[in-house]
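In: quick one, structure for this:
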Amino acid sequence: MSGHHEFIFTLVPIVYSCNFVIGIMGNSMVVAVIYCYMKLKTVANIFVLNLAVSDLTFLITLPMWATFTATGYHWPFGGFLCKTSAGLVIFNLYTSIFFLTALSIDRYLAIVHPVRSRRFRTVAYARITCVLIWLFAFLLSVPTALTRDVHNIKDSTGTVCAILHPTVENVKRLKDLLLAISLMKSLLGFLVPFVIIITCYCLIGRALIRAKHIQKSSQSRDDEVLRMLAAAVLAFFLCWVPHQVFHFMQVLTQLTVVENCAILEIIDTAMPFTICIAYFNSCVNPLVYGFVGRNFRKNLLRLLRCSPSGAARPHPSISSKMSALSFRASEALSLTVKTLPTEEATFTANMRAFLFFGLVAVALADVTRFEGDKVFRLKPHLAHHVTLIKELAQSIDVDFWSPDSAEQVTIDTDVDIHVPAKYLNIVYTTLSQSDIEHDILIEDLQNAVDGQADSGPSPRAHSYTKYNKWSDIQAWMDSIAASNANLVTKQVIGKTYEGRPMTVLKLGAKGSSTKPAIFLDCGIHAREWISPAFCQWFVKEAVSTYGSDNQMTSLLNQMDVFVLPVFNIDGYEYTHTNNRMWRKTRSRRSGSSCVGADPNRNFNAGWCTLGASSSPCSDTFCGYTPESEIEVKNVADFIRQNKQNIKAYLTIHSYSQLLLFPYSYSYDLAADHSELMKVAQGASAALSSLYGTRYTSGPGATTIYPAAGGSDDWAYDLGVKYSYTFELRDTGRYGFLLPESQIKPTCEETMLAVKYIAAYVQKNLY
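Out: All right, here's what the predicted structure looks like:
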């Protein structure tokens, strides 16, 4: 062991002791925070956890090294611990630099090759990498352990943990082995990883510079991980460079390149201090995470708040989501009151208030927020652009607004996608590397959600220019049927998965004979709020203009109109309470954590072929069987029961400003294609006459994209000749978040198109 100055025997043990205390506490908290709060769900967290464990394995040897130095290099712990401790020092060197290298490579792949690398940047691969690092570092540290042993000090009762004393015949072999160990330490423990890490950072920097011109501003988790990693790497090199420099000089003395006695004395004196600095790295990393890692710091504070003995821990049910509770909040309050003694009335009242607000907080916590999320419009002009968009969809969780899924992306078709904030860096980098033409339609999705409703007091009466909740729509149906008994009849056609009644309003003058009919539904897709708004508008216009508008009067005298104001009631309610961007139904199937299916892929029309997904988690999931969704079956049963009378089927969606007709599940033209096109073009012209809004007409598959299992195709195949799908305003500026200020003009112009189709059907009954 090097060093002959007396103060070394005092200073070094103090430094070792400080490193031990700080390092054990800090790295233990790192392990606790990651395991308890951050979990092992990301590659970075797995590597950081293993880095902390590596530091802990080394730190447990520091008390022995402190004792060894404080006693003037006397080792009282035996030969096994001498070998083990010496091996763990080198083991920690290798594992630390290897895990930092692995983290750097992971950041390089995440930022420079975000799409292609996602299949490899998985938890499974990260764990395999960790196992390989541990094994490789162990093999590299074994020679160091084998060359250390305890020796008696001449003319003393003390023992020292030092390099083996070679026999005469083994001197050269031992020197060669020690030289090889030293070279490995310099090359594999420093130089090679240093080159790899620097290369990764240079490539990352170049990629970020290239992406900078399209990325206006976004802070993501990748930014934080990159900053934290950069700080950890910098700390490692600042701590280990001094030791590596003097170690390399020591290697030169072994090679007899340096033989100057003064230099040898400098090396001998400096080594204990450089080792102290190097060992300090094991307690620096937790400080780096705390100061640089905002997410780590937040979770550390959570851990510290729960750590004092006797501190109350929250009951598991309070941290559960509202949907997981087996009873309602009011029932919970009632149950709580009944189980408490009457003399604790005051305490009961406080607990009731606490529980009530706790449950409210839990419910609010379950609401999906979209701060920082953006909506992009991508314009793939080349085949590899299409491929890249599909790969992106497989790699990260993006929400396709138009088309409905990645499978429907084609060349020269605009693609609107909602990108969560945490994936923005990946998308920006992908766009910069691929030169895909793009625009940002919505800068901050949460701002757009918050801005959808018009400001001002809520109206007392039912409003046709507001996006009404289901409870309001239900009350409105009761009211309008009661006040217009001569024209409006309610009929419940079934219940939704969650038990809500599906009510059809039958509009038409009362008569003794059965009349031909039109079926109109709205709100198949939950997030398309303008759709139910139109159905309410249509009913209002029908009853208010009957008797004054000749066309409406004639229509309701000669025909009936069945109106289903909200098809997907459960999903629609969920968009008002939990997730504004929800699309599907809310059905559940045991054995699957995925919720709901796309009702407009669940009809038995080319079911689950083109443009539909068999994956339960997909937004275009076709369901487990045709009509597996109870809402779809209820509507299909009703139309089948009335198929002799129903002559037209109209379904209202958004967005894109389209008027579509069969087929969407096939590229074949419908038997009535020419007539359907003529009617659609006439209706589009009528719509455009009011505000100049332009609609595109045509078969679904060729006009936008193929989509099997749609309600209009199913109705047409059933024999309902005039089957149409409306995609209302707009063309992407607001998308599904059309402001309430546009409800009135949208409904007014759509009313003209629907009346045009109704008039044509009325004149061309079959």
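In: in the stretch 651-766 of the chain, which spans are strands?
Out: Listed in chain order, the strands of the stretch 651-766 of the chain (DSSP state E, counting those that start in this stretch) span 658-661, 696-699, 722-728.
In: do I have it right that F296 meets Y37?
Out: No: with contact defined as CB atoms under 8 Å, F296 does not reach Y37; the gap is 9.1 Å. From N, CA and C alone the C-beta is placed, and that goes for glycine too.
In: turn the strands of the stretch 651-766 of the chain into a markdown table, columns for mean neighbour count.
Out: Listed next are the strands of the stretch 651-766 of the chain as a markdown table, based on neighbours: other CB atoms under 10 Å:
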| stretch | mean neighbour count |
| --- | --- |
| strand 658-661 | 26 |
| strand 696-699 | 19 |
| strand 722-728 | 25 |
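In: so which of those is nearest D404?
Out: Nearest of these to D404, taken as CB to CB: strand 722-728 at 11.4 Å.
In: what mean pLDDT does the closest one get?
Out: Average pLDDT, strand 722-728: 98.
In: more neighbours, F296 and Y37?
Out: Taking other CB atoms under 10 Å, F296 and Y37 do not tie; F296 has more neighbours (24 against 14).
In: now that one: how far from A461?
Out: 53 Å (CB to CB, to the nearest Å).
In: likewise for Q657?
Out: If you go by CB to CB, the gap between Q657 and A461 works out to 31 Å.
In: quick one: which of the two has more around it?
Out: Per other CB under 10 Å, whichever of Q657 and A461 has more neighbours is Q657, with 20 against 7.
In: distance of the more buried one from N600?
Out: Taken as CB to CB, the span from Q657 to N600 is 18 Å.
In: swap in Y37?
Out: Applying CB to CB to Y37 and N600 gives a distance of 40 Å.
In: which stretches of the stretch 1-150 of the chain have low pLDDT?
Out: Scanning the stretch 1-150 of the chain for pLDDT under 70 picks out 1-5, 38-39.
In: can you give me the helices for it?
Out: Assigned by DSSP state H, counting those that start in this stretch, the stretch 1-150 of the chain shows helices spanning 8-33, 43-59, 62-70, 78-112, 123-146.
In: by contact count, what packs against the last one?
Out: Helices and strands touching helix 123-146, as assessed by 3 or more CB pairs under 8 Å, 6 or more residues apart in numbering; DSSP states H and E, comprise helix 43-59, helix 78-112, helix 171-186.
In: quick check: angle from that helix to helix 43-59?
Out: Relative orientation of helix 123-146 versus helix 43-59 (axes from the mean of the first three to the mean of the last three CA atoms, to 10 degrees): 20 degrees.
In: now do the shortest one
Out: When the same axes, to 10 degrees is applied, the directions of helix 62-70 and helix 43-59 differ by 40 degrees.
In: roughly how far is helix 62-70 from the heart of the chain?
Out: Helix 62-70 sits 49 Å away from the centroid of its parent chain (CA atoms, centre = their mean, to the nearest Å).
In: who's in contact with that helix?
Out: Under the contact criterion CB atoms under 8 Å, 6 or more residues apart in numbering, helix 62-70 has outside partners 1, 8-10, 12-13, 16-17, 19-20, 23, 74-77, 81, 85, 161, 272, 279.
In: related to what we said a few turns ago, just send the helices of the stretch 1-150 of the chain back as a markdown table, with distance to Q681 too.
Out: A markdown table is the format used below for the helices of the stretch 1-150 of the chain (distance: least, CB to CB, whole Å):
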| stretch | distance to Q681 |
| --- | --- |
| helix 8-33 | 63 |
| helix 43-59 | 54 |
| helix 62-70 | 83 |
| helix 78-112 | 50 |
| helix 123-146 | 54 |
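In: would TSV of the ones you listed with mean neighbour count be doable?
Out: What follows is the helices of the stretch 1-150 of the chain, written out as TSV (neighbours: other CB under 10 Å):
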stretch	mean neighbour count
helix 8-33	19
helix 43-59	23
helix 62-70	20
helix 78-112	21
helix 123-146	16
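In: which one of the ones you listed lies closest to D412?
Out: helix 78-112 (28.4 Å).
In: off-centre distance for the closest one?
Out: 31 Å.
In: quick one, it and helix 171-186 angle?
Out: 30 degrees.
In: now V160: which helix or strand?
Out: V160 is part of strand 159-163, with elements assigned from DSSP states H and E.
In: and that strand, which strands flank it?
Out: The pairing partners recorded for strand 159-163 under DSSP bridges are strand 148-152 (antiparallel).
In: residues touching the strand it pairs with, excluding its own?
Out: Against strand 148-152 from outside (CB under 8 Å, 6+ apart): 75, 78-79, 82-83, 86-87, 158-165.
In: state the pair within those residues that is farthest apart.
Out: Checking the contacts of strand 148-152 with CB to CB, the most distant pair is G87 and G158, at 22.5 Å.
In: what's the local residue count around F248?
Out: 15.
In: per-residue confidence at K216?
Out: 50.
In: where are the low-confidence patches of the stretch 251-400 of the chain?
Out: 254-260, 289-295, 306-366.
In: please repeat the previous calculation with a cut-off of 80.
Out: Flagging of the stretch 251-400 of the chain using pLDDT under 80 yields the residue ranges 251-269, 271-272, 281, 283-366, 395.
In: quick one: the strands in it, in order.
Out: So, for the stretch 251-400 of the chain - with DSSP E, counting those that start in this stretch - the strands run 374-379, 399-402.
In: now those strands as TSV including mean neighbour count?
Out: Conversion of the strands of the stretch 251-400 of the chain to TSV gives the following (neighbours: other CB under 10 Å):
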stretch	mean neighbour count
strand 374-379	21
strand 399-402	21
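In: would CSV of the ones you listed with distance to L301 be doable?
Out: Compiled in CSV, the strands of the stretch 251-400 of the chain are given as follows (distance: least, CB to CB, whole Å):
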stretch, distance to L301
strand 374-379, 30
strand 399-402, 32
